[in-house]
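Asker: The following block contains a protein sequence and its predicted model.
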Amino acid sequence: MWCPVTRNLLVLSCGVCLFAASGCSVLRSGVQDAFAAEAPRPRPAVEEASSTNTPPADPLATADEGTKDASDAPSCYVEIRASGKEPKKIRMSLDDATHVQKVLEHTGLVKQFRNMYIELSRKLPDSSRHKLEVRYDAKRNHVISAFDYALHPDDLLVVRQDSSTSFDRMLKKLAGPLAR
């Protein structure tokens, strides 16, 4: 059996680990100071992309000059945030059946990123934005059907590459509600 001193040390060390993983204020202030000193990132430039059924040779290629004027057609924006690179913003014209999964396939992001965080920002009538969570199943390389929203004009789809490892995901699961 465990002696009382060893058991108490084990409980204390587990508590310290969970406290540190949850982002205690002592550790968090140092991290916040580091991010506050960082210069703000420049806004990404907007590119044009056509919404034809066949994806272009370059998945992030811009629309051809010969296509019809993209400003006439309703469009949405896709912001791609690859880890370690500058964000890239693409303007895509919408057809009547454009969903999040179709946009990911058209832009080639399904093949480019193994894991990703996806967020849909929808413009409201009062000009504010509402954020919708989009869940992506990396094992099937597909957006979960309950979260495969139809895109509306002026929607912003933000796709961030998830560069976390399986060890990072395991620690996040262990921390559970304390990590929030």
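Answerer: That came through, no problem.
Asker: Give me the below-cutoff pLDDT ranges for this structure.
Answerer: Along the chain, segments meeting pLDDT under 70 span 1-12, 14-71, 96-97, 177, 179-180.
Asker: Spell out the residue ranges of the helices in it.
Answerer: Ranges of helices in the chain, per DSSP state H, are 4-21, 25-36, 100-107, 109-112, 166-175.
Asker: show me what contacts Cys76?
Answerer: Arg91, Met92, Leu94, Thr98, Val103, Leu151, His152, Pro153, Asp154, Asp155, Leu156, Leu157 (CB atoms under 8 Å, 6 or more residues apart in numbering). Glycine gets a C-beta too; all of them are placed from N, C-alpha and C.
Asker: hang on, isn't the fourth one packed against His152?
Answerer: No. Thr98 is beyond contact range of His152, at 9.3 Å (criterion: CB atoms under 8 Å).
Asker: if I look at Lys102, how far off is His130?
Answerer: With distances taken as CB to CB, to the nearest Å, Lys102 is found 21 Å from His130.
Asker: out of these two, which sits in the more crowded spot?
Answerer: Neighbours were counted for Lys102 and for His130 using other CB atoms under 10 Å; Lys102 has more, 18 against 9.
Asker: got a list of what the more buried one touches?
Answerer: Contacts of Lys102 by CB under 8 Å, 6+ apart: none found.
Asker: just to revisit the earlier point, can you lay out the contacts of Cys76 as TSV showing neighbour count and distance to Arg140?
Answerer: Compiled in TSV, the contacts of Cys76 are given as follows (neighbours: other CB atoms under 10 Å; distance: CB to CB, whole Å):
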residue	neighbour count	distance to Arg140
Arg91	16	28
Met92	25	23
Leu94	18	25
Thr98	21	20
Val103	23	17
Leu151	24	21
His152	13	26
Pro153	11	29
Asp154	14	30
Asp155	24	24
Leu156	17	25
Leu157	25	19
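Asker: In a markdown table: those residues, plus distance to Val110.
Answerer: Shown next, in a markdown table, are those (distance: CB to CB, whole Å):
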| residue | distance to Val110 |
| --- | --- |
| Arg91 | 20 |
| Met92 | 15 |
| Leu94 | 19 |
| Thr98 | 15 |
| Val103 | 10 |
| Leu151 | 16 |
| His152 | 22 |
| Pro153 | 24 |
| Asp154 | 24 |
| Asp155 | 19 |
| Leu156 | 19 |
| Leu157 | 13 |
